[in-house]
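**Student:** please work out how this folds:
(4 chains)
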Amino acid sequence: MTVQTEPFVVNLGPQHPSTHGVFRLRLTLDGERIIDADMVMGYLHRSMEKLAEERTYTQNIPFTDRTDYLAAMTGNLAYVIAVEQLCGIEPPDRAQWLRTIMCELQRIASHCMAVGIFANDCGAWQTPVMHMLRDREKVLDLFEMACGARLTLNYMRIGGVSRDVPPEFMPTARKLIKDLPKKLDEYEDLLLENEIIVERSRGIGVLTPEQAMAHSVSGPMLRASGVAWDIRKADPYAAYDKVDFDIAVGVHGDVYDRFVVRLAEMRESVKILEQALELIPEGPVHAQLPTATVQPIDQPVAPLAIRPPVGEAYGRIESPRGELGFYLISDGSPAPFRFHIRSPSYINLTPLKLMSVGGTVADAIVILGSVDIIVGEVDR
Amino acid sequence: MPSNGPSVTKAIAGLDIAHRIEQKFPGAVEEAIPEAATMKADRLAEVCAFLRDDPDLKFEFLSSLTAVDRLEYFEVVYHLTSIRLNQMTAIKVKASDRENPRVPSVTGVWVGANLQEREAYDLMGIVFVGHPDLRRMFLWDGFDGWPLRKDYLVGPGGRFPGLERFPGESQEPLGGRG
Amino acid sequence: MDDTGTVVAFYLLSALTIAAALGVVVVRNLVHAVVSLILSFVGVAGLYITLSADFVAVTQVLIYAGAVSVLILFAIVLTPTGDRGNQETFLRLPALLLALLVAFTLGYVAIDTDWAISDREGFQQTASVIGEALLGKYVLPFEIASVLLLVAMMGAILLVRPEGAVEGE
Amino acid sequence: MMPLDAEWYDFRDFGNTVGSLLEQIRDWGAPDWVPYVISGLIGVLAILLWTILSVLAFIWIERRVVGLMQNRIGPNRVGPNGLLQPVADALKLLFKEPITTRNADRILFWLAPIVVFVPTIVVFAVIPFGERMVLADLNVGVLFLIAVGSLNTIAVFMAGWSSNNKYALIGAMRTIAMLISYELIQVLVLLAAVLFVGSMRLGDIVDWQADHAVWLLFLQPLGLLGYIVAGAVEMNRSPTDIAEAESEIVAGYHTEYGGIKFGFFYQAEYLAGFAIAAVIVTLYMGGWTLWGLEEWVPGWLIFLTKLYGVFFIYIWSRATLPRLRIDQLMAFAWKFLLPLSLVNVMVVGGEKLLWQEAELSSGEALPLFGVINSAVAVILIGGWAWVLGHQRPERVAHRALLTKELGTIHFGEPAPTV
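**Tutor:** The predicted model follows:
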């Protein structure tokens, strides 16, 4: 005789403290054990791919801020890289270095949130995330200095960046990356050996490298499964081929490894930034663009009027969440014929069911936290 | 493909990959352009399995799967990455039936296609035959139409033309779609 | 039972206990029934206090109102939803008859017995006296009861163990 | 100990004031029960007033302290330094619409906040706040604490079940499972204390500690640790706030509660915290005595200082620690705390026997026992943790591996240690 219990369906979300936005996870439970998990999304679907087909290439840049709103710089960059591939534009050196600096700052800011919120999902009552927000704020201050915005940055341009950074940017950035390692030590002291974090996350949500690759998982999740794959090294964009850094990989593929990989990546980002701030040359930040012949009516629209040749391009970069790709098809008109975002948050969710079935509700939350989704990017 | 900076990833051009596939599966390639090779739909599964398992290709990682409405037909684009060999390629498959486009699912080859095929089904209306759980993803069940298709919500004067020209652009004849 | 306070308390608590006990039987909702069962347990604990049996009273709250009722609640929650009502069954009449019989017997015995009143003083510290009695005079029954409970517990665990369950994780 | 003044103005013991008041009433010729009832009423009112003021104060203190720990400011808008924030919160809760969800079980839904409040406040009846400042000096005080504490479970279950909400039901089930496990630990550690002192009356325990000039804390460190953990579980504070785990089941059993009904749960939670702190202070930290200082400083002031100090530990842990998973918490109770507290009871029993049989003086016995028990605690905790840790060698902290080789796979390799 065994105790027979009824399966019990719980909707985690769309309004739930731990779904990181309006995301719904339909869990079928047997007691506290999960026997089925189903994702329901689309609550934040804004149809960006359709909207982009009616706007010029330049007008589409702000959309890319609003997909992954915690890493707007990388969103911008992936898109402009795709457009540059389409048009064959080579941005000047300083722009490349600025892109590298901004992306790494963005990675630090984004991983701060990811690690902090992950600790929150483990049940730490806001403390780690509050401490990490402190550092994220400093990064955002730098962004504000560079482009005037803090969240939806819209800094990258096709062929470069929107403007050069002000003179006070470099000293502030140097000071920040000088302080950051100490802060990172602090976080590692607080979290890395924390017995409860280890208990909660070791051996949970394990993905073997084969499973991770088959599920198209990318970014820190893929690296946590032990696969040394980083587009910054594999297919260097911006100035990543000129800096020296390591790929952080995990060896167990569990939630804890995703967390330590993110922590280690923040250190690597600091390393990249140190080099980038030394190596960045002076010069223009914007390339000459092959613009369409546009007669200025009342205002100079010429630099914006890009008309790429017919063709298609898949531009991808390593965003904090994984492989962020933009697949663009041009038919020679001012607007993309097809604009597809390969969003890492969305595709990293593929193995969610595999990881969470068999665990408890608390595990599902921690696993979801370790995937580090941004619902703006999941739904687009 | 013009790339940004010295590329380390080896991009296997569509012609090249088409050649290799043709050697293994004669007649499986429908057409090949430098960007991508187009497969015949009925041979897709075996070609994909070959691309994944071949020791020289090892495309274990499905980077991106998406569908494009080419007006006359639909095409599904697969961007493949080989992590171990650091190379990349793209293949395509066409679905010419506009009313009921059907393409075989590649979830059997790459599990990662699961959500991406659901997305393509949801927004473009392409039925992936063999997909384990083909339901709407972002839109609710019962949503009418496939919003990413070019003819979705056709206006009274035909398809909304989109942005054909920049404001103030000269009216010289355009290539491509125009 | 001499001062007015105790008498008033006795009748109030008795009323509470009986009303709650009736509630257990009458209420249709099983969870409500358990809640009134707990109330009745608490009432009985109060009655013990008026009898200056403070240890027994507190134990009553601890064991019955706390632990036993929680077990009952657990059992109810684990039962499929459909069976959770306090439904009418064909056993209604026999149960009523049986209950009346028991009540009658108890009442008859209570009235008929010539209760002897002890002239000894009441205990000041009931806990220590109970402890000494249990571990002195009544040590054998006490130990037998413990062993019996242990066996019952192990049996229960064995019964609900899933087939072929492995130890640990 | 110096006898108290027995004048009404001697605030070292409010019992004096109440005593002279009752004396006065008796002098007026009132019947015997009048002073009895009045003293009871005064005690109840005093405790209620104290709890409400303390809770209000501690809402502010907790928010400010946690704010400090979290690098932010905390409430600072309402009143000077945000002091009136708890009052504003309470007013807001009072004026909020009391929503009852449609399919809730109305009776239990409304009853639960009241029922949860009763046991938490009744606990304070047996706590000696100062000399003679105890509302009901029960012979079985310690047992009473446990019994009343166990009633909380029912209220929580009522709240969770009647809400007709799945999160609430999960929260309720978790609470019950947790409280049953940890009540056992509580009973065992308190049993050791009672065994050593030889009385279940809390006043006697305080007196024993004052007479022997030692806190039980030094004699039973293991018991104290067990009680601190069990207390954290009972009051639902991190790292054991599993019943209302915010990131998992929204707010657990009180998900559907709002307005003043939620306020009741909120206050009950703080009160449970104070009750646990009060028990720790009374049993393990000498209660209202402080090695003679209580002759000069009011005993209740000493008691409250200690109580708030102990409560601060819980605030601190809340701001620091993540949450355990329910099965880990249960495993911790059954596999770690239960064996340890059983050993603790046996050790303490043996010591008590030794003390009586060998006719040691307390000057000899107590330091000896203190040293022995501390050593036992350290060895047991360390040893048991080692044994349990060896069953799961994979649960160790490590760092990420750093590599430059692209495309390699490092799964299953040894990880760099921290």
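
**Student:** state the distance from the closest residue to D:Ala88 other than its chain neighbours to D:Arg72.
**Tutor:** Across the structure, with CB to CB, 6 or more residues apart in numbering or on different chains as the measure, the residue nearest D:Ala88 apart from its sequence neighbours is D:Val78 (4.7 Å). For every residue, glycine as well, the C-beta is placed using N, CA and C. Here D:Val78 is placed at a distance of 17 Å from D:Arg72 (CB to CB, to the nearest Å).

**Student:** next one: A:Ile81
**Tutor:** From A:Ile81 over to D:Arg72 the distance is 38 Å, taken as CB to CB.

**Student:** just B:Ala113 next, same as before
**Tutor:** Computed as CB to CB, the B:Ala113 to D:Arg72 distance reads 45 Å.

**Student:** higher neighbour count, those two?
**Tutor:** Taking other CB atoms under 10 Å in any protein chain shown, B:Ala113 and D:Arg72 do not tie; B:Ala113 has more neighbours (26 against 13).

**Student:** which stretches in chain B count as strands?
**Tutor:** The residue ranges that make up the strands of chain B, judged by DSSP state E, are B:10-11, B:29-32, B:37-39, B:61-69, B:74-82, B:87-95, B:102-104, B:127-129.

**Student:** select, out of the ones you listed, the one closest to chain C.
**Tutor:** Taking CB to the nearest CB as the criterion, chain C comes closest to strand B:61-69 out of the strands of chain B, the separation being 32.7 Å.

**Student:** just checking, what packs against the closest one?
**Tutor:** The criterion is 3 or more CB pairs under 8 Å, 6 or more residues apart in numbering or on different chains; DSSP states H and E, and the helices and strands that strand B:61-69 contacts are strand A:311-319, strand A:322-330, strand A:338-342, strand B:74-82, helix B:113-124.

**Student:** just want the angle from the last one to strand B:61-69.
**Tutor:** Orientation note: helix B:113-124 sits at an angle of 10 degrees relative to strand B:61-69 (axes from the mean of the first three to the mean of the last three CA atoms, to 10 degrees).

**Student:** how about the fourth one?
**Tutor:** Regarding strand B:74-82 and strand B:61-69, their directions subtend 160 degrees when assessed with the same axes, to 10 degrees.

**Student:** with the third one instead?
**Tutor:** Using the same axes, to 10 degrees, the inter-axis angle of strand A:338-342 relative to strand B:61-69 is 150 degrees.

**Student:** so the residue of the stretch 201-350 of chain A found nearest chain B, which state does it fall into?
**Tutor:** With CB to the nearest CB, the shortest gap between the stretch 201-350 of chain A and chain B falls at A:Ser216, namely 2.6 Å. Three-state secondary structure (criterion: DSSP: H, G, I helix; E, B strand; the rest coil) places A:Ser216 in coil.

**Student:** now it. Nearest residue, chain neighbours left out?
**Tutor:** With CB to CB, 6+ apart as the measure, B:Gly112 is the residue that lies nearest to A:Ser216, at 2.6 Å, once sequence neighbours are left out.

**Student:** swap in A:Leu98?
**Tutor:** If the residues on either side of it in the chain are set aside, A:Leu98 comes closest to A:Val161, at 5.1 Å by CB to CB, 6+ apart.
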